[in-house]
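Enquirer: Structure for the following, please:
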Amino acid sequence: QVQLVESGGGLVQPGGSLRLSCVASGSIFSINDMRWYRQAPGLQRELVSSITKDGTTYYLDSVKGRFTISRDNAEHTVNLQMNSLKPEDTAVYYCNAEIAASKKWWEETDYWGKGTLVTVSS
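Expert: Residues are numbered from 1 along each chain as shown. The predicted structure follows:
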C-alpha cells in the first residue's frame, strides 16, 4: 500500500528556517507531480509549491524567494526548504503526490500525507 509520510515540522522563531521532508513508500511504479499544501486554522488548504518529474517548479507568490522545493526521484522523496519564516507561514503542511502503484501502473492516484505542523512564533 502506498503512503506518504512527512517530517521536519516544529516551532521556529520568525526569520528562522525549517526543512520539511516527505517520503513515498510502498509498491510504487511511478510518481508524477509532487506538492506541498498548507492549511492554517480557519483557512482553506492552499498549494504552496509543486515540482514535476522533470523538475519544473511552482511557488505561491507569498513564499517565492524564501522556499525551495526539491525531489529525489530514486528515493521517492520531496523536500521543502523554508527560510525567512514568518508568523503567517504557521500551518499544517501536507505532502501530496500523483502516484501510480505497481499493481495499477496505468492509473495515477492522488495520495496525501497526514501533515506536519509548522509554528512560527517568538
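Enquirer: F29: what's its closest spatial neighbour, skipping adjacent residues?
Expert: W105 (4.0 Å; C-beta to C-beta, 6 or more residues apart in numbering). C-beta: built from backbone N, CA, C; applies to glycine.
Enquirer: Endpoints of stretch 35-44, how far apart?
Expert: Length of stretch 35-44, first residue to last, C-alpha to C-alpha, to the nearest Å: 16 Å.
Enquirer: Show me what it is in contact with.
Expert: Applying C-beta atoms under 8 Å, 6 or more residues apart in numbering, the external contacts of stretch 35-44 come out as 20, 22, 45-51, 69, 78, 80, 88-97, 115, 118.
Enquirer: any chance you could map the strands in the chain?
Expert: Here the chain has its strands, by DSSP state E, at 3-7, 10-12, 18-25, 28-39, 46-51, 57-59, 67-72, 77-82, 91-101, 108-112, 116-120.
Enquirer: Partner strands of the longest one, with direction?
Expert: In other words, strand 28-39. strand 46-51 (antiparallel), strand 91-101 (antiparallel) (DSSP bridges).
Enquirer: Dump those strands to JSON lines, plus mean pLDDT and mean neighbour count.
Expert: Formatted as JSON lines, these follow (pLDDT from 0 to 100; neighbours: other C-beta atoms under 10 Å):
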{"stretch": "strand 46-51", "mean pLDDT": "98", "mean neighbour count": "18"}
{"stretch": "strand 91-101", "mean pLDDT": "97", "mean neighbour count": "21"}
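Enquirer: Determine which of these approaches Q13 most closely.
Expert: strand 91-101 (16.4 Å; C-beta to C-beta).
Enquirer: The closest one to strand 77-82, inter-axis angle?
Expert: 160 degrees (axes from the mean of the first three to the mean of the last three C-alpha atoms, to 10 degrees).
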